[in-house]
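Engineer: Predicted model follows, preceded by the sequence.
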Amino acid sequence: MTTTRAYSLRLLTLAGLALGIWAIGLNVTALADDAEQWDQKKMELHSTTFTDGGVLPISMIFESPNAQGINACSIDGSPGGNTSPELSWTNRREARKPLR
């Protein structure tokens, strides 16, 4: 009788472990599917004014002269043009507030 009870307990433990591993596998699969959908729908920002990782042209730099009259926003003090870069985007998610 003791061996039957021990066997039943082991069987239940193994069944519980198998069920737990199966449930974890389902969650991992669902998370992977969500990640793929997110990658396909992520917003991308594009500009013809500058390249990815590049330097903004001086025409885009804000003109902010310090007390000496030197532009504090450029590396060498050159005056900036205060011009907005051309921007476009794809896959923008609907938002409650518009982009400004």
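Structural biologist: Structure received. Numbering: from 1, shown residues only.
Engineer: okay, and for the chain, where does confidence drop off?
Structural biologist: The model of the chain has pLDDT under 70 over residues 1-2, 19-20, 22-23, 26-40, 94-100.
Engineer: For Thr49, see how far away the residue nearest the centre of it is.
Structural biologist: Closest to where the C-alpha atoms of the chain average out (C-alpha atoms, centre = their mean) is Lys42, at 7.6 Å. Look at Lys42 and Thr49: by C-beta to C-beta, to the nearest Å, they are 22 Å apart. For glycine as for every other residue, the C-beta is placed from the backbone atoms N, C-alpha and C.
Engineer: Got the domain ranges for this protein?
Structural biologist: With domains defined by automatic domain parsing, the chain comprises 1-42, 44-91.
Engineer: Need the winner for burial among the ones you listed.
Structural biologist: Across the domains of the chain, averaging neighbours per residue (mean count of other C-beta atoms under 10 Å) puts domain 44-91 on top, at a mean of 12.
Engineer: how long is stretch 64-84 from one end to the other?
Structural biologist: Criterion C-alpha to C-alpha, to the nearest Å; first-to-last residue distance in stretch 64-84 is 15 Å.
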